[in-house]
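Chemist: sequence unavailable; structure follows:
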């Protein structure tokens, strides 16, 4: 298989290729990018800041993005940011809320679960 040309069929669809590897950044590069991400976040460019924080793995920035999403009622995205941060306390709190919600949706009040 010609791996160099495998994605050519998508080039006109404005698609992107998801990779799992993070770029090799030294401490100075990470610090510089995180500063830029903080500037974007403070200016209201949440998505721009998110891209940078995901690239650098900046946990505090990812947690703040999660807080922003939560304030916008975008709970699934918030949960994802907390997971990636990793912010165990905030993730577990939201996961517990989701589990209670799902439980209540499945078992309406008065209908006990079949065990």
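Modeler: On my side now, so go ahead. All of these numbers come straight from a predicted model, not from anything done at the bench.
Chemist: residue 67 and residue 78 touch, don't they?
Modeler: Yes - contact status for residue 67 versus residue 78: in contact at 7.3 Å, counting by Cβ atoms under 8 Å. To be clear about C-beta, it is placed using only N, CA and C from the backbone, and glycine gets the same treatment.
Chemist: between the two, tell me which one has more neighbours.
Modeler: More crowded of residue 67 and residue 78, by other Cβ atoms under 10 Å: residue 78, with 22 against 15.
Chemist: what's the following helix or strand after the helix or strand containing residue 60?
Modeler: For residue 60, the element it lies in under DSSP states H and E is helix 59-71. Proceeding N to C from helix 59-71, the next assigned helix or strand is helix 75-84, under DSSP H and E.
Chemist: any idea how far residue 47 is from residue 57?
Modeler: As judged by Cβ to Cβ, to the nearest Å, residue 47 and residue 57 stand 17 Å apart.
Chemist: these two: which is more packed in?
Modeler: More crowded of residue 47 and residue 57, by other Cβ under 10 Å: residue 57, with 14 against 8.
Chemist: for that one, phi and psi?
Modeler: Residue 57 adopts backbone torsions of phi 70, psi 30, taken as degrees, to the nearest 10.
Chemist: burial measure for residue 58, as a count.
Modeler: Residue 58 has 21 neighbours, counted by other Cβ under 10 Å.
Chemist: wait, doesn't it sit right on residue 36?
Modeler: No - with contact defined as Cβ under 8 Å, residue 58 and residue 36 do not form a contacting pair (10.9 Å).
Chemist: related to what we said a few turns ago, so the helix holding residue 60 versus helix 75-84, what angle?
Modeler: Here helix 59-71 points in a direction 160 degrees away from that of helix 75-84 (axes from the mean of the first three to the mean of the last three Cα atoms, to 10 degrees).
Chemist: in helix 59-71, what counts as buried?
Modeler: 61-66, 68-70 (16 or more other Cβ atoms under 10 Å).
Chemist: repeat that for stretch 30-48.
Modeler: Buried residues in stretch 30-48, counted by 16+ other Cβ under 10 Å: 30, 33-34, 37-38, 40-41.
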